[in-house]
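1. when you get a sec, could you give me coordinates for this:
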Amino acid sequence: MKILLTGKNGQVGWELQRALGPLGQVVAVDRQVLDLGNPDSIRAVIREVRPDLIVNPAAYTAVDKAESEPELAMAVNGIAPGIMAEEAKKLGAAMIHYSTDYVFDGRKTSPYTEEDIPSPLNVYGKTKLAGEQAVQAAGIPHLILRTSWVYGARGKNFLLTILRLAKEREELKIVADQIGAPTWSRMIAEATAQILAQSVSPLTPHPSLLTGVYNLTAAGRTSWCGFTQAIVENAQAGTRVMPIPTSDYPLPAPRPLFSLLASDKLARTFGVALPLWDESLKLCMA
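-> Presented below is the predicted three-dimensional model:
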C-alpha cells in the first residue's frame, strides 16, 4: 500500500510518519512540496504519487489568527481536503482526514457524539467542518477522525508553551471553565495505525475503510487550568497556577466552553480506546 501523508513536520504528521511505516510505503510531504493553499499543487502531487491512501493531518491550526485570515483558513481546512478527496476518487483511493472538537458550540453538558449536529463558534471550526463535508461529498471510502486539544513533544502547542512560561513566571492564570480532553499526538497516530491495520487486506493495496466520522480523544476530562496544573506538577516546577474564567482572558476567536467528545463508537467499531489524558501526559513528558 502506498500512503501519501501530508504535514509531515506537524505534531500529528511527524508521529504518523513513524506509526504508518509498517503498513506500507509512506510518501510524506510538507508544505514546501504540497501547498494546501494551492489547488494545483495538491493535484500535481497526488497525480504524481498515485497513492492508495491519503492521510491528511495537515491544517491551518492558528485558531485566533484564522479570524483575520478566513480565506486562507478556508483554503487549507475547507477546500484542500475536498480536492484531495476528488483526486482520491479518480485513483480509487481512500482517505483519512482529521478534524476537531471545535466543530461544536459547547452548549451541550454531556460528551458530543458523532450524531450531534455541528455548530462551530469560530472561523477555524467552520473551516474544519467545511473540510469534513467536502471529504464526505466526494463519495470515497474515508475516515474523519475528530480529536481535541492536541499536544506533543515537538512543534507549537499548549504543553510546550506552559513549560516555557513555567520557567519564566512564578504564577500562571489559566482558564478553568473550558472543558475538554488533552490528546497526545502520538496516541492519535498509534490509534490511526491500529484502525488502518484492521482495514487492509494482503490481497489488495486499497484499504476497505469503514467510512464515517469517529471521535478520537483521550479518556477523561479536564480544564485548561487542570491541564496546566498537571504539566507543572509533572515538570516539578514551583509555578502557582491560578484559575480564571474565560471572560477574564478574551481572545479573537470564541471557544466552546464544553467540547468533550465521546469515543465509544471508535471502541465499538475498531476496539481502539485511548488512555486517560493525564496518563498520556506523563508518558509524553517522560
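
2. hey, where'd the strands end up in this structure?
-> 2-5, 25-28, 53-56, 94-100, 142-147, 150-151, 171-175, 179-180, 183-184, 212-215, 222-223, 240-244 (DSSP state E).

3. the longest one vs strand 142-147, what angle?
-> Okay, so that is strand 94-100. Orientation check (axes from the mean of the first three to the mean of the last three Cα atoms, to 10 degrees): strand 94-100 against strand 142-147 gives 20 degrees.

4. who does strand 94-100 pair up with?
-> Within its sheet, strand 94-100 is paired with strand 53-56 (parallel), strand 142-147 (parallel), according to DSSP bridges.

5. okay, now the unreliable bits of the stretch 151-286 of the chain?
-> 201-209 (pLDDT under 70).

6. any idea how far residue 106 is from residue 188?
-> Counting by Cβ to Cβ, to the nearest Å, the gap from residue 188 to residue 106 is 21 Å. C-beta here means a position set from N, CA and C on the backbone, and glycine is covered the same way.

7. neighbour count winner among these two?
-> Of the pair residue 188 and residue 106, residue 188 is the one with more neighbours under other Cβ atoms under 10 Å, namely 25 against 21.

8. isn't the more buried one right next to residue 12, touching?
-> Yes: the criterion here is Cβ atoms under 8 Å, and residue 188 meets it with residue 12 at 5.4 Å.

9. which neighbours do those two share?
-> Contact criterion Cβ atoms under 8 Å, 6 or more residues apart in numbering; residues shared by residue 188 and residue 12: 98, 150.

10. just to revisit the earlier point, out of the strands paired with strand 94-100, flag the one nearest residue 164.
-> Checking those against residue 164 by Cβ to Cβ gives strand 142-147 as the closest, at 23.5 Å.

11. gap between that closest one and the chain center?
-> 8 Å (Cα atoms, centre = their mean, to the nearest Å).

12. now do it, average pLDDT.
-> For strand 142-147, the mean per-residue pLDDT is 96.

13. repeat for stretch 4-16
-> Rounded mean pLDDT across stretch 4-16 is 95.

14. quick one: end-to-end distance for it.
-> End-to-end distance for stretch 4-16, by Cα to Cα, to the nearest Å: 11 Å.

15. which residues touch the residue located most distally from the centre of the chain?
-> When distances to the mean C-alpha position of the chain are computed (Cα atoms, centre = their mean), the maximum falls on residue 170, with 31.6 Å. Residue 170 makes contact with 238-240 under the criterion Cβ under 8 Å, 6+ apart.

16. let me see the ranges of the helices in the stretch 101-250 of the chain.
-> Secondary structure of the stretch 101-250 of the chain by DSSP state H, counting those that start in this stretch: the helices cover 123-137, 158-168, 185-199, 224-234.

17. figure out which of the strands paired with strand 94-100 is closest to residue 268.
-> For the strands paired with strand 94-100, proximity to residue 268 was assessed by Cβ to Cβ; strand 142-147 is nearest, at 14.6 Å.
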